[in-house]
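Novice: could you look at this predicted model? Sequence included:
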Amino acid sequence: MIKEFSFGELTTYYTSEFNQESGTEISITDLKSIVNVTQTSVTNTLTPYLGERYRRFLAPDNKIMNLKLLFLEESEQTSLFQDSGYNIKREWIVKEVKPIYFHPFKRENKPVFLKHPISGKGWKAELTFGYAPQDKEYEELGLKIPNKFQPYYVSIKRQGLDVLLHDRVILFHQLFELDIVPNRHADYNTIRGEIDLKEGFETAITKNSIIEDNNFRHCLEKVRKILKGEEPGPKKEKKNYLRRRSVPDELPEKLLRDRLAEHLENHPIFKKDKVNKEYVLEGIEGYIDILADQEVWEIKTSQANALDIYQLFMYMDVGGFDNGYLVAQDFSGGAKVAIDFIKNKHNKEIILAKHTDFPITHPPSDEERSEYY
């Protein structure tokens, strides 16, 4: 027990002898009325806050800390804070509170990328980035929807990245405050992750803030550029992770096909009378994505090449159809050469169209995620 400090002797109390090799007990007396120590407040606010800040120390696979809160009341027999003579009025065991992610592609509790190393002159860090689940996605993960008191409840006040140093959360839910986005906005509510500072960083004396020196500023600049797609991130790819939430780079082909079929059926001007999906041609292996009023429509999720053109031509030739459409993200030079050859040689008209020419590229709804992913 330490009693003597640089400013003088401290009156020290403890509730019981430690039954372990080391530890810390902090006793607070004479709480002011402004401090809310009701059971509801401690349960909903204080213990989750501590569980979040010290989550790595409290994790079962780490377990280098046991943390609990004791509220004491004076015993009838002796005065408070003697070796005996107190009663434990209430007790809370603090458990780890860690972020819950919802991976947009794998539909699992995983970040999009984990501990991506970043560095600069004199500093090193790791960046973890992901998206928070929304209500229906908690159910998909088999988890209860958190109440509004939970540390990682999705809201503008809690959006963003936690900053850690020496495994301790120093800053919570920082995004706008770190100048990663220009302003607070609901569009960023689903963003979460960690900036884990490894080397070259210091905290202020209270341990609750980082000294904003050149190392820290350069680190944040690096994080911002990676998340905005201005610099390569994991796998040396440039992606704007802040632009949209859980949408893959390529929407599933079936989703694009069904959206296109619905568009053809319901277009107010160019409405097709008869639209069939997965139209089977006898005698060949395969089927036409969409047959709309004797026009053949084929969908490709990425760039289409000459082989894709000839696949469409085969369907047109076998089925006796004169007009075909190939809808893709882009087209190779060979695809255009193949179209000219087929038109001149076989008198079959094939038209190229990009995904963006139709209203089919918007992010999937919750219902579509359930059906197509």
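Specialist: Arrived safely.
Novice: list the buried residues for the helix or strand that contains D258?
Specialist: According to DSSP states H and E, D258 maps onto helix 253-266. Using 16 or more other C-beta atoms under 10 Å as the test for burial, helix 253-266 gives 255-261, 263-264. C-beta coordinates here come from the backbone N, C-alpha and C atoms, glycine included.
Novice: quick check: closest non-adjacent residue to the residue most central in space within the chain.
Specialist: Nearest residue to the geometric centre of the chain (C-alpha atoms, centre = their mean): Y131, 1.4 Å. Distances taken as C-beta to C-beta, 6 or more residues apart in numbering put T190 closest to Y131, at 4.7 Å, once the chain neighbours are dropped.
Novice: using CSV, write out the CA atom coordinates for stretch 205-224.
Specialist: The C-alpha coordinates for stretch 205-224 follow below in CSV (Å, rounded to 0.1, in the frame of the first residue of the first chain):
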residue,chain,number,x,y,z
ILE,A,205,-0.5,13.0,-18.6
THR,A,206,-4.1,12.0,-18.0
LYS,A,207,-3.8,9.0,-20.4
ASN,A,208,-7.2,10.1,-21.9
SER,A,209,-5.8,11.9,-25.0
ILE,A,210,-3.0,11.5,-27.5
ILE,A,211,-0.4,14.2,-27.9
GLU,A,212,-1.1,15.5,-31.4
ASP,A,213,2.4,15.7,-32.7
ASN,A,214,3.6,15.2,-36.3
ASN,A,215,3.5,11.4,-35.9
PHE,A,216,-0.1,11.4,-34.9
ARG,A,217,-1.1,13.9,-37.6
HIS,A,218,0.7,11.9,-40.3
CYS,A,219,-1.0,8.7,-39.1
LEU,A,220,-4.4,10.2,-39.3
GLU,A,221,-3.6,11.6,-42.8
LYS,A,222,-2.7,8.1,-43.9
VAL,A,223,-5.9,6.6,-42.4
ARG,A,224,-8.0,9.2,-44.1
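Novice: tell me which residues are up against that stretch.
Specialist: Contact with stretch 205-224 is made by 118, 120-123, 125, 127, 161, 163, 165, 168, 170-171, 178-180, 195, 197, 200-204, 230-231, as judged by C-beta atoms under 8 Å, 6 or more residues apart in numbering.
Novice: neighbours of the residue nearest to Y131, how many?
Specialist: 20 (other C-beta atoms under 10 Å).
Novice: what do you get for the one 5 residues further on?
Specialist: The local packing count at I195 equals 28, with neighbours defined by other C-beta under 10 Å.
Novice: quick check: which element contains E25?
Specialist: Secondary structure assignment for E25, by DSSP H and E: no helix or strand.
Novice: neighbours of it, how many?
Specialist: The local packing of E25 (other C-beta under 10 Å) involves 12 other residues.
Novice: looking at it, A59 is touching K95, isn't it?
Specialist: No: A59 lies out of contact with K95 (C-beta atoms under 8 Å); the separation is 9.5 Å.
Novice: K225 and G233 touch, don't they?
Specialist: No: contact criterion C-beta under 8 Å: K225 and G233 do not qualify, at 9.0 Å.
Novice: more neighbours: the two, which one.
Specialist: G233 (22 against 16).
Novice: look up how far K239 lies from the closest residue to that one other than its chain neighbours.
Specialist: Nearest non-adjacent residue to G233, counting by C-beta to C-beta, 6+ apart: I226, 4.3 Å away. Remark: distance between I226 and K239 (C-beta to C-beta, to the nearest Å) = 9 Å.
Novice: tell me if N87 really is in a strand.
Specialist: Yes: when DSSP: H, G, I helix; E, B strand; the rest coil is applied, N87 is found to be in a strand.
Novice: if I look at Q150, how far off is G193?
Specialist: 17 Å.
Novice: more neighbours: the two, which one.
Specialist: Each of Q150 and G193 has its neighbours counted (other C-beta under 10 Å); G193 has more, 25 against 16.
Novice: which of the three states applies to that one?
Specialist: strand.
Novice: that one touches E126, doesn't it?
Specialist: No: using C-beta under 8 Å, G193 is not in contact with E126; the gap is 10.3 Å.
Novice: helices along the stretch 151-300 of the chain, start to end?
Specialist: 214-227, 253-266 (DSSP state H, counting those that start in this stretch).
Novice: export those helices to TSV and tack on mean pLDDT and distance to Q303?
Specialist: Listed next are the helices of the stretch 151-300 of the chain as TSV, based on pLDDT from 0 to 100; distance: least, C-beta to C-beta, whole Å:
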stretch	mean pLDDT	distance to Q303
helix 214-227	96	26
helix 253-266	94	14
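Novice: can you put the ones you listed in a markdown table and add distance to H185?
Specialist: A markdown table is the format used below for the helices of the stretch 151-300 of the chain (distance: least, C-beta to C-beta, whole Å):
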| stretch | distance to H185 |
| --- | --- |
| helix 214-227 | 15 |
| helix 253-266 | 28 |
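Novice: for Y101, which non-adjacent residue is closest in space?
Specialist: That would be G130: by C-beta to C-beta, 6+ apart, it lies 3.9 Å from Y101.
Novice: give me every residue that touches the one you found.
Specialist: 99, 101-103, 110-113, 192-193.
Novice: pick the one among the residues you listed closest to E282.
Specialist: Nearest to E282 out of the contacts of G130 is H103 (C-beta to C-beta; 42.2 Å).
Novice: my guess is the closest one meets P111, correct?
Specialist: Yes: between H103 and P111 there is a contact under C-beta under 8 Å: 7.1 Å.
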